[in-house]
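below: sequence and its predicted model.
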Amino acid sequence: MRARAGVATAAAADGRTLISRLASAPPLTLRQTGPYTVHLISTAAGPLGGDRLALDLDIAPRTTLEVASVAATLVLPGDGESEMLVTARVGAGATLRFGPEPTVLAAGCHHRLLVRLTLESDATVFWREEIVFGRYGEQPGRCHARFDATRDDLPLLRQEYTVGDPALDASTAVYGTARCVGTTFLTASAKEAAVATGVAVLPLATTGTLVSALAADAVELRSRLEWGERLVQAPPHQ
């Protein structure tokens, strides 16, 4: 299956954000649920092995877009490798909040998750990504995740990791006994690095912060990521 969906915003004359484009292609179905909020609704199984799915986000200058999903994404095995490519362009002074529910890697799947994020000056981004290592009681399929973020053509973050390699997953230097991994990229800058059980808050070399967490389940993972996110987003007096 080949499917491409997209969202674009525009600024109204009074400064409000308008959803100027909302294009769906099953299994990627989009519904506007608020003035500048869109939810992903899966209308078919997948991604399945061999599927190529793409989501394009275009946030116009000085507008806001929030993207969420109504349920987790279950990646299933099939004929070959599946791919999900998310491309986001965030204009000057615009805001993007991207926080779908977790991606679950079913046993036997082989998946690529690619993010290409381009920011103009003064753009604000919150981008959370969570991956669960298989359904209850099963080993995960394989996933290669890659995240690339640039601002004004300069790199902010280049990150990639693999799930589902038995030689790596059980290593205490990689995932150990964890069953979930997650990251949150924020353009806001943390005052300093912070580490707690299963979570690290790391200021980036230029601007921005990466929160990374491991956990035994999705609930614990979300709690750890939110702890790190609060540290970054806390008012200066706290």
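Nice, thanks for sending it over. Numbers count the residues shown, from 1 in each chain.

for D217, what are its contacts?
D217 makes contact with R179, C180 under the criterion CB atoms under 8 Å, 6 or more residues apart in numbering. In short, each C-beta sits where N, CA and C put it, glycine included.

do you know how far it is from E130?
11 Å (CB to CB, to the nearest Å).

after the lowest-mean-pLDDT helix or strand in the chain, next one along is what?
Between all helices and strands in the chain, the lowest mean by mean pLDDT, DSSP states H and E belongs to helix 166-169, at a mean of 79. Later in the chain than helix 166-169, the nearest helix or strand by DSSP states H and E is strand 180-186.

who touches that next one?
102, 117, 125-133, 147, 149, 157, 159, 161, 163, 175, 208-218, 220-222, 224-225, 228-229, 232-233.

now, which of these lie within helices?
Using DSSP state H, the members of these that fall in helices are A218, E220, L221, R222, R224, L225, G228, E229, V232, Q233.

and the pLDDT for the first one?
By that I understand A218. Here, the pLDDT recorded for A218 equals 96.

that one touches E130, doesn't it?
Yes - if you go by CB atoms under 8 Å, A218 and E130 touch, sitting 6.7 Å apart.

of these two, who's got more company?
Remark: of A218 and E130, E130 carries more neighbours, 22 against 18, as counted by other CB atoms under 10 Å.

does the more buried one have any beta-bridge partners, and if so which?
G182 (DSSP bridges).

that one and S189, how far apart?
In terms of CB to CB, E130 sits 23 Å off from S189.

point to the residue nearest the middle of this structure.
When CA atoms, centre = their mean is applied to the chain, the residue found nearest the centroid is E129 (3.4 Å).

look up how far G93 lies from that residue.
Taking CB to CB, one finds E129 at 24 Å from G93.

just D56 next, same as before
Where G93 is concerned, D56 sits at a distance of 20 Å (CB to CB).

for V7, see how far away P77 is.
Taking CB to CB as the measure, P77 and V7 are separated by 29 Å.

could you pull up the residues touching T87?
Contacts of T87 (CB under 8 Å, 6+ apart): A54, L55, D56, L57, V115, R116, L117.

rerun that using 7 Å as the cut-off
By CB atoms under 7 Å, 6 or more residues apart in numbering, the contact set of T87 is D56, R116.

got the phi and psi for it?
phi -120, psi 120 (degrees, to the nearest 10).

just grab the bridge partners of it for me.
D56, R116.

circling back to that earlier point, tell me who's in contact with the residue nearest to the centre of the chain.
Applying CB under 7 Å, 6+ apart, the residues contacting E129 are G182, T183.

what do you get for A92?
P61, E120, S121, D122, A123 are the contacts of A92 under CB under 7 Å, 6+ apart.

quick check on the contacts of strand 180-186: which are buried?
102, 117, 125-133, 147, 149, 157, 161, 163, 175, 208-215, 218, 220-222, 224-225, 228-229, 232 (16 or more other CB atoms under 10 Å).

mind checking the end-to-end distance for stretch 134-152?
38 Å (CA to CA, to the nearest Å).

low-confidence ranges in the protein?
43-44, 234-238 (pLDDT under 70).

can we see that at 50?
Across the chain, the ranges flagged by pLDDT under 50 are 237-238.

next, count neighbours for the nearest residue to L114 once chain neighbours are set aside.
Spatially, and ignoring its direct neighbours in sequence, L114 is nearest to L85 (4.6 Å; CB to CB, 6 or more residues apart in numbering). By other CB under 10 Å, 16 other residues sit near L85.

how near is L85 to R112?
From L85 to R112 the distance is 8 Å (CB to CB).

residues contacting the closest residue to T206 other than its chain neighbours?
Nearest non-adjacent residue to T206, counting by CB to CB, 6+ apart: L156, 6.2 Å away. If you count contacts by CB under 7 Å, 6+ apart, L156 has them with A149, T150, L204, T206, G208.
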